[in-house]
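Peer 1: Okay, structure incoming, though there's no sequence with it:
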């Protein structure tokens, strides 16, 4: 089979190398970017961050599987793919170990922002010892919006820090609250109630028509000035201009960003002049998660070759 990989060869922790090592019998074409001109001649597509529109799918003459190497399928027109008989599948975060890795980065952001790592680095150069005074996590309230794989992994890892855990979930919030041992879980309409309490707001939910740019000027106005926003999910959840304004005016204390309004972001973007910790969409790029993703992707390619339906199909 012929496989198209829509990214640079070493992207996402070198996952393509692991796939190729496990399944060397297939032909792999490396697109080198997220932009795809044609799907003609390919049996399998690994889209990464590429946009797979209905118009692009018209060029597919033998494509059988769109296999995402993570959980996000918001860039794929799933209905158009299904109409053409093309399977669409992903790798759930909890299955690959990705959720655990993303949760670890979320805690890194919390600690880094609370302890003011940027000021610590400056003070080493200035010879200032014992400064700055940081904030401890103990006793703080962490609000997690989205309690799927990543949100649950965060809950489990944050409990030993002695924080109060609250969150939002679309369905069965009371049951989820009891199951995870959280202090409070509400529905999306209770976002103002959640933000009024939160010292850290962590985004761990998909972006869709309901959640796109849910953090705009009106939302930031509901946060405490001492609170931090941490986005581990998708850049489309946050209005970039509103975030810059909130940082500039002190409406929030800072932000931890692994995802952005455009990827890659402009390194000269003025938003990075404020109290922002940023990582290049690498929260899930660890040895554990990359191996788990490669194993899942290979399993579905093998199933395709055997005439079996892929696992973790969309819809």
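Peer 2: Received, thanks. Because the structure is a prediction, the values reported are computed rather than measured. Numbering: from 1, shown residues only.

Peer 1: any idea where the helices of the chain begin and end?
Peer 2: 11-22, 54-57, 78-83, 93-96, 98-115, 117-126, 149-158, 173-180, 191-197, 217-220, 240-249, 287-305 (DSSP state H).

Peer 1: okay, these in JSON lines with mean pLDDT next?
Peer 2: Formatted as JSON lines, these follow (pLDDT from 0 to 100):
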{"stretch": "helix 11-22", "mean pLDDT": "91"}
{"stretch": "helix 54-57", "mean pLDDT": "94"}
{"stretch": "helix 78-83", "mean pLDDT": "94"}
{"stretch": "helix 93-96", "mean pLDDT": "78"}
{"stretch": "helix 98-115", "mean pLDDT": "95"}
{"stretch": "helix 117-126", "mean pLDDT": "90"}
{"stretch": "helix 149-158", "mean pLDDT": "96"}
{"stretch": "helix 173-180", "mean pLDDT": "96"}
{"stretch": "helix 191-197", "mean pLDDT": "97"}
{"stretch": "helix 217-220", "mean pLDDT": "98"}
{"stretch": "helix 240-249", "mean pLDDT": "98"}
{"stretch": "helix 287-305", "mean pLDDT": "93"}
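
Peer 1: Format those helices as a markdown table; extra columns: distance to residue 66 and mean neighbour count.
Peer 2: The C-beta positions use only the backbone N, C-alpha and C, and glycine is treated the same way. Below are the helices of the chain laid out as a markdown table (distance: least, C-beta to C-beta, whole Å; neighbours: other C-beta atoms under 10 Å):
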| stretch | distance to residue 66 | mean neighbour count |
| --- | --- | --- |
| helix 11-22 | 15 | 18 |
| helix 54-57 | 9 | 15 |
| helix 78-83 | 6 | 15 |
| helix 93-96 | 17 | 22 |
| helix 98-115 | 18 | 22 |
| helix 117-126 | 39 | 12 |
| helix 149-158 | 21 | 22 |
| helix 173-180 | 31 | 15 |
| helix 191-197 | 33 | 17 |
| helix 217-220 | 33 | 16 |
| helix 240-249 | 29 | 18 |
| helix 287-305 | 10 | 20 |
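
Peer 1: I'd like those laid out as JSON lines, including distance to residue 133.
Peer 2: Below are those laid out as JSON lines (distance: least, C-beta to C-beta, whole Å):
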{"stretch": "helix 11-22", "distance to residue 133": "36"}
{"stretch": "helix 54-57", "distance to residue 133": "53"}
{"stretch": "helix 78-83", "distance to residue 133": "50"}
{"stretch": "helix 93-96", "distance to residue 133": "35"}
{"stretch": "helix 98-115", "distance to residue 133": "9"}
{"stretch": "helix 117-126", "distance to residue 133": "10"}
{"stretch": "helix 149-158", "distance to residue 133": "22"}
{"stretch": "helix 173-180", "distance to residue 133": "32"}
{"stretch": "helix 191-197", "distance to residue 133": "24"}
{"stretch": "helix 217-220", "distance to residue 133": "26"}
{"stretch": "helix 240-249", "distance to residue 133": "21"}
{"stretch": "helix 287-305", "distance to residue 133": "35"}
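
Peer 1: And the ones you listed: which comes nearest residue 35?
Peer 2: For these, the distance to residue 35 is smallest for helix 54-57, at 10.1 Å, taking C-beta to C-beta.

Peer 1: how does the chain divide into domains?
Peer 2: What the record gives for the chain is the domain set 2-90+286-305, 96-278, from automatic domain parsing.

Peer 1: need those domains in TSV with distance to residue 314, can you?
Peer 2: Putting the domains of the chain into TSV (distance: least, C-beta to C-beta, whole Å) gives the following:
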stretch	distance to residue 314
domain 2-90+286-305	4
domain 96-278	12
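
Peer 1: Of all those, which one is nearest residue 311?
Peer 2: That would be domain 2-90+286-305 among the domains of the chain, by C-beta to C-beta, at 6.0 Å.

Peer 1: I'm done for today, thanks for sticking with me.
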